[in-house]
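1. Build me a model:
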Amino acid sequence: MRTELLGQEKNIVKIKLEIDAEEFTKALNKAINDLSKQVNVAGFRKGKIPRNVLEMRFGRAALYEEALDKILPDEIKQIVEDYDLDLLDTPKLNLTEPIKEGQQINCELSFEVRPEIELPDIDNLEIEKVISKVDDDSVNQLEKRLKVQFAKVNPAEHQVQDENLVEVELSVRVLNDDGSEAQEQPKPNTTHERINLADQTVRQQVRDALINHSKDETVEAVFDVEAAHADKTLAGKKVKYIMKIEGVSEFELPEMNDEFYKLAFGENSGVTNYDQFREKLRSELLDEVNRTTDDDLHNRAVEMVVNLSKMEIPEDLIVRQRASMRRDDQKWAKDNGVNYEIAYGLDTKEGREGYEKLLQNRAETAVRNVLVIDAVAKKYDVHVESSDIEAEFDTQAKRYGISKAVIANYFNKNKNEFDRLIDEVRFNKIVDVMLSHMKIKDVETLSANNNNQPSQEQN
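-> Sure, this is the predicted structure:
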């Protein structure tokens, strides 16, 4: 094998590859022999099929392709090592002239490599971190949720009151801006739901519509659904809830005693009195706040470094990312039994234009983030070790109160989930290393600039 660097245009590297005639002949004979053992041809035993018969069935070009498939993987691997290429995709082969047996084969390989990323001086960046705190009101709310969770539910004959449990027959209607019903509606149209008015996350419009009404009455609530809502058939739209009240119940809250403490935290929590109960709640809330604060810090740190990095993003990368995101959206619609075009507002010109613009922005952001994260990983030589995965198993076992063996068994049996876990561990490890080089400033609240500027001028 002989190679020659032909040049590089943006992130495409072209390399000339010369394959010796003898090397190709050996690969061709092996390809013919292997194919002879694999196919069935009437009148011939496997492994004894002549070359001319195989050529008649598959064509000479197919035999040549099989031969190249046996040569190229090792050749490409060697080229990648020799030229220190950081590949983004499978190399593309171009034969510069027809293959002639007994003669040297000349071909050209195009390698799509990771574009050059100019990172900022990370050691010179400052980022704010909100000090984690838990106030008494948050503890009170968690105490209330726990009591409701373990409360007895008793049917009531009175009108709906705040903090009741209400059973409803629910119909959801999507509205146009003028309040009329949209032509397309989500499915299924009617469901039976239990709405817990003791839950502070219940929409105020729903709460106001139900309170002071009785069983068998029908009430309505109209509100705008946030764009980030999980149900894409409703996200960003005006909807109307039509609720027929089927039943009203009251919560009979449990007494604060050893039995309740064990229900709330388990047999071995060590909680035996109300003060310890409150302290346990505060501790768990603080853990949750710390996780949220850390996630926010990670996201802002990535955003800062990405915004300050210099790069020229190859359009092909964005095109592929956009296509992947479109397929994900189509799969979501199919899996949820909804019309893809209606769910994403593609039934109007404005909707299609808005969706394509959103898809483009999402794809560009995703590509930029991945490229910068990978550049940081390369700069600081960050890799995921088996010990990192074991530590994550320990963390999840503690968080969910189940054994590490159960956690490990779940991920070992679910390859997609395990791959997702590795990606998550890798991302967090890279960002943790990045943050270890940044100046972190503890603050009560984030400043207006949201930390997207360096502490001093970057070169």
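
2. can you give me the helices in the stretch 101-250 of the chain?
-> Along the stretch 101-250 of the chain, counting by DSSP state H, counting those that start in this stretch, helices occupy 136-149, 204-210.

3. Just name the most buried of the ones you listed.
-> Per residue and on average, the most neighbours among these fall to helix 204-210, with a mean of 17 (mean count of other C-beta atoms under 10 Å). All C-beta atoms are positioned from the backbone trio N, CA, C, and that covers glycine.

4. Can you name the residues in contact with that one?
-> Here helix 204-210 makes contact (C-beta atoms under 8 Å, 6 or more residues apart in numbering) with 160, 162, 166, 168, 195, 197, 219-223, 241, 243, 245.

5. can you rerun that using 10 Å?
-> Applying C-beta atoms under 10 Å, 6 or more residues apart in numbering, the contact partners of helix 204-210 are 159-162, 164, 166, 168, 170, 195, 197, 199-200, 202-203, 217, 219-224, 240-243, 245, 248.

6. Distance from it to the middle of the chain?
-> Averaging C-alpha positions (C-alpha atoms, centre = their mean, to the nearest Å) puts helix 204-210 34 Å from its chain's average.

7. How about stretch 325-337?
-> Using C-alpha atoms, centre = their mean, the offset of stretch 325-337 from its chain centre is 14 Å.

8. please begin residue numbering at 384 from this point
-> Okay, using 384 as the starting number, the last item reads as stretch 708-720.

9. Which positions in it come out as buried?
-> M708, R709, D712, A716 (16 or more other C-beta atoms under 10 Å).

10. State the mean pLDDT of that stretch.
-> The pLDDT scores in stretch 708-720 average 89.

11. again, but for stretch 824-837
-> 75.

12. With stretch 527-538 instead?
-> 94.

13. hang on, the earlier thing: drop anything exposed from the contacts of helix 587-593.
-> The buried subset of the contacts of helix 587-593 (16+ other C-beta under 10 Å) comprises 543, 547, 549, 551, 553, 578, 580, 602, 604, 623-626, 628, 631.

14. Tell me the one of those nearest K516?
-> L580 (28.4 Å; C-beta to C-beta).

15. and that closest one, how far is that from N547?
-> 5 Å (C-beta to C-beta, to the nearest Å).

16. Can you pull the residues that touch both of the two?
-> L593, I594, V631, F634.

17. export the residues you listed to CSV and tack on pLDDT and distance to V422?
-> Shown next, in CSV, are the shared contacts of L580 and N547 (pLDDT from 0 to 100; distance: C-beta to C-beta, whole Å):
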residue, pLDDT, distance to V422
L593, 97, 70
I594, 97, 75
V631, 97, 73
F634, 95, 72
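
18. who touches Q704 in this structure?
-> Counting by C-beta under 10 Å, 6+ apart, Q704 makes contact with I696, L742, Q743, R745, A746, E747, T748, A749, V750, V753.
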